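Asker: quick one, what's the 3D model for this:
(2 chains)
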Amino acid sequence: MINFEEIKNQFDKDIKETKEIEKLEIKYLGRNGVINDLLKKIKEIPQEQKKSYGQKVNELKTSIKRLIEVKRKELAGKKSEVFFDKTLPGKSYPKGSLHPITYTIEEIANIFQKIGFVRVSYPEVEWEYFAFEALNMPKDHPARDDFETFFINYPKDKKYGKIVLSPHTSSGQTREMKRVKEPPIRMINIAKCYRPNWDITHVPMFFQFEGLCVDHNINITHLKGTINYFVKNFFGKDREIRLRPCHFQFTEPSFEVDVSCKVCGGKGLLNNKKCKVCKSGWLELAGTGMVHPNVLKAGGIDPNQYSGWAFGFGPERCMMMKEEMKIDDIRILYNGDIRFLEQF
Amino acid sequence: MNIKITHNWLLEYLDTDATPYEIQKYLSLCGPSIESVTKIDNDFIYDVEVITNRIDYASVLGVAREAVAILPMFDKRAKLKDLASFHWTGENGKRTEKVEIVDPDNLCPRKLAVVMEVSIGKSPQYIKERLENCGIRSLNNLIDITNYVMLEVGHPAHVFDYDRVKTGKIFIRKAKNGEKITTLDKKNYLLNSNDIIFDDGTGRIIDLPGIMGLDNSVVTEKTKRIIFWIETNDPKAIRITSMRLGIRTAAASINEKNPDPEAAKMTFLKGIELYQKIAKGNIISPLYDTSPDIKKEKLLVIGYELFGKKIGIEIPKKRINSILVNLGFGINYLEDSRIQVIVPSWRANDINIPEDLVEEIARVYGYQNIPSILQPIVYIDQPKDMEDIFVFQNKIKLLLKHLGLNEVINYSMISKSMIEDGGLKIENHLRLSNSISEEIEYLRTSLLPSLYKNIQDNSGRKEVMRFFEIAKVYWLKKNDLPDEVYKIGIATNTDYFDLKGIIEAIYKELNIDFCHSREGGNPDIIEKDGVFMTEIDLQKLINNYHQVPKFKSLNPYAVIKLDKTFELSPKTTYAIVRQKAFKSKLLQKIELVTLFNNKLTLRFYYSLSSRNITEEEAKEELALVR
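Answerer: All right, here's what the predicted structure looks like:
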């Protein structure tokens, strides 16, 4: 019978003492080495023990191989007396970047997904009808002027009017109502919008995210509840919201949403001086309101049975407020400067 | 727009025990946003934001009216003082002069005018200070009065030199194309037929009403007699003319928002009083009002239950009533818990439907007193195609980021030259009819011109550049909106195989067999001035995506690895070798070992899943690949 334990013990002893690993390798793993000898002997093993014998040889071989490798590295390390500097940086792997607004949009979509809002996609190049009429903005509304909306040079449609670049995500409101047909509606629409302004505080293309909720008995408490939920999840549990009266054609009542300032904690004062970041403790965040009955009607929903709320936020503003990004010239977001992009 | 008024001025209309900072806080929550309060000498300046549909509070009187409704909710006393001065003064005295007002097309619905003898001079100190504290330059008493009453009562007003008008006639008409004017600040403008002007009856234009006075008719140092004048305007016409000419006066900003015609009359009367008081004014003509009966009562019927339904909490009827009354509404009580609400003239434009009244109650009651409650969560089915668009964009974006690429977001609009340089056809692109720059004139049909520009624009900033963008392109359609198609655009300044490797990585990530995809392992890679670019259709990737690759059972038999070197030529390309090699049923995969000059060494893996093969068998298979 072959004593595997004895062989292993001998090997352990050898490897401890050896200074020439190659010799050890030949002794055990060479053509006429210990392991090969063992393999040759398999002929003499009774049939029923062959399998377990073979396994044992293999196990021994693997173990010896591994220990020899470890020893080889150990000896190599000793030979080269080069200083091993653990403080050097690790191997460099590629790291690209995403546009900062991409992260913000993902986060927003996830926050709303948790409370059952589905993300949709509607045309950016839109009929006047969906961008305005359906939103209770009649023909002579100032937002429909040339200086407020980009128009496309294209023949007018008899029913839907001209083609415009949608100046807000609200155009998706009646499209979603028509898609769903019968409430409940819980929509989040994050998309590009366009307006003809281009200076250090305006870009002709920007993002908006629109929330729309229509159901039985939806009221102002729900609008407040949802915005409060978003603000606490996105900006932090310690932030508060407030609504102030405002005006939008497609909501009634309409509100401006403010969020309490992180820097001064909503007090407007920091070390007894006026806070430089906010207006008396609050920062303007978004426009919102209860969906105007005319908008529900345009979407084919009976305003006597259903009610809803809607809001529109600028993710760029949310991003800059959250990350405390001080951007002097907002055009840097979309001019493709690698020095900006690669930071994120 | 914003206006500035002062606290002491407000107190002339408002009786209150609230401090300026309390007024700021409470009004901002429930009504006009007071963006700042600035203390100055013995007064405070309020900077008030006026929202577009509430031009009625763009005045001292308007803010006082809001305060009367809002402050009591915070247990502050607030009452409007007596407005006795807003009444016609007596008709005694000589009335020798007249103004002939002709408006055949009724371009200005209400006209108010009076001729007065006056004495020009400096305004009293309090008027001067108030105007300047409110951001308006004080000039002389005659002009200051028009600004002062506008800020106090809310309607823009104008003063002409009666003798410079010459004819005593105001003929209101549309301008002719090409007519020229010189405004009182001595700037010249060219008019067109949308503009409404005043003519003195001889063809001479003497005013650009509602926007700015003209040099040829305004008061001067020598003025002895004036026409004090107010007209109401077509808000749309004011907006169009003022925006086109770029004359954005306070008057234009107010008139384009359709102020209350009753405010016009009150402003007029207040103005006359002031001319009498501080400019030795003496009325020498009748007082003209072309529409004394313009006041129409607007009525709305609403049931009390609507308030609770829309706001979400019950507000006692008594409280609702008192809020409405304090805001100036009248109430007639009907049966069935309904009321008929009489809308005051200054709210006639913005109060149209019962929901408007809900807003009034909710805001004055205080949004801060309404709780925050998340609505019941319900399941909504998200269309799969919409969901996929976002899920896959994100997946691919993260992959490309981890490969070291930089995401860029470019404008959807590009320039004509970018289209032409990209070898694309202008006629396939939608054009903006009112672009503000030729850089953003056309909707792009490809992401590549923008990405090419990104690499050019960044030259010198970084050596190696790999950009990508995932965005919609816009494909022209006949008689319809364009198709909005998501594309993945990639551009590098490295080399062909770098980009090809990125493309292959996307396919691998999505478990799409790249070699057997439509591109057949040869993606459309464009090279231009050392920039390598490609564009992939997102939807096509989604359509061919597999969550995990097709499972193959583990092969228990030996794999024979063989290397072979080929000399590449047009007849012996990798694709050809590969195609030939895979004719063998034994071949599992091919690996690229080395490429040196045109010597390509490949490693072939042969095996069978049913038995062990011999090296000879594998060699025979490989021998067929030549």
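Asker: and the stretch 201-350 of chain B, which of its residues are near chain A?
Answerer: By C-beta under 8 Å from any C-beta of the partner chain, the part of the stretch 201-350 of chain B that sits against chain A consists of B:236, B:239-240, B:243, B:256, B:309-313, B:350. Where you see a C-beta, it was placed from the backbone N, CA and C, and this is true even at glycine.
Asker: which members of those are positioned in strands?
Answerer: Using DSSP state E, no member of these falls in strands.
Asker: between those, identify the one with the most neighbours.
Answerer: The residue in those with the most neighbours, by other C-beta atoms under 10 Å in any protein chain shown, is B:E256 (26 neighbours).
Asker: can you list the domain ranges for chain A.
Answerer: Structural domains assigned to chain A are A:4-79, A:100-124+A:166-341, following automatic domain parsing.
Asker: can you map out the helices along the stretch 251-400 of chain B?
Answerer: For the stretch 251-400 of chain B, the helices defined by DSSP state H, counting those that start in this stretch occupy B:261-278, B:305-311, B:317-326, B:354-365, B:384-402.
Asker: okay if I get the ones you listed as a markdown table plus mean pLDDT?
Answerer: Shown next, in a markdown table, are the helices of the stretch 251-400 of chain B (pLDDT from 0 to 100):
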| stretch | mean pLDDT |
| --- | --- |
| helix B:261-278 | 94 |
| helix B:305-311 | 94 |
| helix B:317-326 | 96 |
| helix B:354-365 | 95 |
| helix B:384-402 | 96 |
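Asker: rounded mean pLDDT for stretch B:528-548, please.
Answerer: Mean pLDDT, stretch B:528-548: 95.
Asker: does it come close to chain A?
Answerer: No. Stretch B:528-548 stays clear of chain A (C-beta under 8 Å from any C-beta), getting no nearer than 11.7 Å.
Asker: and for that stretch, what's in contact with it?
Answerer: Contacts made with stretch B:528-548 from outside it, assessed by C-beta atoms under 8 Å, 6 or more residues apart in numbering or on different chains, are listed as B:388-389, B:392-393, B:396, B:446-448, B:451-452, B:455-456, B:470, B:485-496, B:498-499, B:503, B:506-507, B:510-512, B:517-518, B:523-527.
Asker: just want the residue of the stretch 101-250 of chain B that's nearest chain A.
Answerer: Chain A sits closest to B:K236 of the stretch 101-250 of chain B, with a gap of 5.0 Å, by C-beta to the nearest C-beta.
Asker: find the nearest non-adjacent residue to that residue, please.
Answerer: Using C-beta to C-beta, 6 or more residues apart in numbering or on different chains and skipping the chain neighbours, the partner closest in space to B:K236 is A:D140 (5.0 Å).
Asker: quick one: that neighbour and B:I238 touch, right?
Answerer: No. Here A:D140 does not reach B:I238: they are 11.9 Å apart, not a contact under C-beta atoms under 8 Å.
Asker: so which of those two has more stuff around it?
Answerer: Neighbour comparison, A:D140 and B:I238: the larger count goes to B:I238, with 25 against 12 (by other C-beta under 10 Å).
Asker: wait, doesn't that one sit right on B:I254?
Answerer: No. Here B:I238 lies out of contact with B:I254, judged by C-beta under 8 Å, at a distance of 9.1 Å.
Asker: which residues touch stretch A:19-38?
Answerer: A:2, A:7, A:11, A:14-15, A:18, A:57, A:60-61, A:64-65, A:68, A:71-72, A:75.
Asker: which bits of the stretch 1-150 of chain A sit near chain B?
Answerer: Looking at chain B, the residues of the stretch 1-150 of chain A close enough under C-beta under 8 Å from any C-beta are A:94-99, A:101-102, A:106, A:109, A:115-121, A:123-127, A:140, A:142, A:145-147, A:150.
Asker: which among the residues you listed count as buried?
Answerer: Buried by 16 or more other C-beta atoms under 10 Å in any protein chain shown: A:96-99, A:101-102, A:106, A:109, A:115-121, A:123-127, A:142, A:150, out of the residues of the stretch 1-150 of chain A next to chain B.
Asker: cross the residues you listed against strands and list the overlap.
Answerer: Under the assignment DSSP E, these contribute A:118-120, A:125-127 to strands.
Asker: make CSV from these and add pLDDT to it.
Answerer: Formatted as CSV, those follow (pLDDT from 0 to 100):
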residue, pLDDT
A:V118, 96
A:R119, 96
A:V120, 95
A:V125, 97
A:E126, 97
A:W127, 97
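Asker: which of those residues sits closest to B:L400?
Answerer: When those are compared for distance to B:L400 (C-beta to C-beta), A:R119 wins out at 21.2 Å.
Asker: B:E387 is in contact with the closest one, correct?
Answerer: Yes. The criterion here is C-beta under 8 Å, and A:R119 meets it with B:E387 at 7.4 Å.
Asker: residues from the stretch 1-150 of chain B in reach of chain A?
Answerer: Within the stretch 1-150 of chain B, the residues that sit near chain A (C-beta under 8 Å from any C-beta) are B:24, B:28-31, B:33, B:35-36, B:51-54.
Asker: would CSV of those residues with pLDDT, distance to B:T614 and neighbour count be doable?
Answerer: As requested, the residues of the stretch 1-150 of chain B next to chain A are exported to CSV (pLDDT from 0 to 100; distance: C-beta to C-beta, whole Å; neighbours: other C-beta atoms under 10 Å in any protein chain shown):
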residue, pLDDT, distance to B:T614, neighbour count
B:Q24, 95, 93, 23
B:S28, 93, 89, 22
B:L29, 92, 89, 21
B:C30, 95, 91, 25
B:G31, 94, 93, 26
B:S33, 92, 88, 21
B:E35, 90, 88, 15
B:S36, 90, 91, 15
B:I51, 92, 87, 21
B:T52, 90, 87, 16
B:N53, 91, 89, 18
B:R54, 95, 92, 21
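Asker: need the max-distance pair from those.
Answerer: The largest separation in the residues of the stretch 1-150 of chain B next to chain A, counting by C-beta to C-beta, is between B:S36 and B:N53 at 22.8 Å.
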